[in-house]
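K.L.:
Need the 3D shape of this:
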Amino acid sequence: MPEKLDDLWGDSIPQREVLDPINILTKQIGPLETRSKGELTAQITVTDAENTKTIQFDIVAKKLGGRRVTLLQASSKKADIYPLKIISDGLQADLIPENSIQYIHGIRKFNASITEEPKEIKIKTPLDGVAIAHDDTNFAELIGIILRSNYTRSAIQSLLASIANLGKEKNPAVVYI
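P.N.:
Numbers count the residues shown, from 1 in each chain. Below is the predicted model:
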């Protein structure tokens, strides 16, 4: 064995602040409120079970009596933060916008943001609504995919359309049965 051994850690020890999932999700509430002109907000709920901690991220429409849509649930061992198992309808293959997926050399890569180069994200193939985030970067990338998914777009549009219809008289030409 050589007398001096090189550093074998690679990028396992980041040279930056590591964010926990709650901080990453919390930073998404302000943009949701701003872009929906205050009509929508988000709520983060943390549930501690015997061996598991679960984080749930819901979009909430206060004007609709607090109606909510769950965008994701992320769970980990109670003592750990990462890895996180993420469950979301926004991770269904048919609900991810086509411009978020590229195939490069036969490997499926996802655009975490419009300005970045596509990155390979370690998720189950085919997408089945479940992914594993091993670190904060991976978690943020997956959250970006969920927030831009057709599932999320449909949920937001449904809530905003319902709010827009509040107090409006029903159209007499439409018969509700």
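K.L.:
what helix or strand does the residue most central in space within the chain sit in?
P.N.:
The centre of the chain sits closest to Ile143, judged by Cα atoms, centre = their mean, with a distance of 2.9 Å. Here Ile143 is covered by helix 136-147, with elements defined by DSSP states H and E.
K.L.:
which residues does Asp135 contact?
P.N.:
14, 18, 82 (Cβ atoms under 8 Å, 6 or more residues apart in numbering). Placement of C-beta: from N, CA and C, glycine included.
K.L.:
likewise Asp136?
P.N.:
18-21, 24, 82.
K.L.:
if you set the cut-off to 6 Å instead, what comes out?
P.N.:
Each residue near Asp136 by Cβ atoms under 6 Å, 6 or more residues apart in numbering is listed here: 18-19.
K.L.:
Downstream of the helix holding Ile143, the next helix or strand is which one?
P.N.:
Elements were assigned by DSSP H and E; along the chain past helix 136-147, the next helix or strand is helix 150-164.
K.L.:
packing partners for that following helix?
P.N.:
Using 3 or more Cβ pairs under 6 Å, 6 or more residues apart in numbering; DSSP states H and E as the contact criterion, the elements in contact with helix 150-164 are strand 84-92.
K.L.:
repeat that with 8 Å
P.N.:
strand 52-61, strand 67-77, strand 84-92 (3 or more Cβ pairs under 8 Å, 6 or more residues apart in numbering; DSSP states H and E).
K.L.:
Thanks a lot, see you next time.
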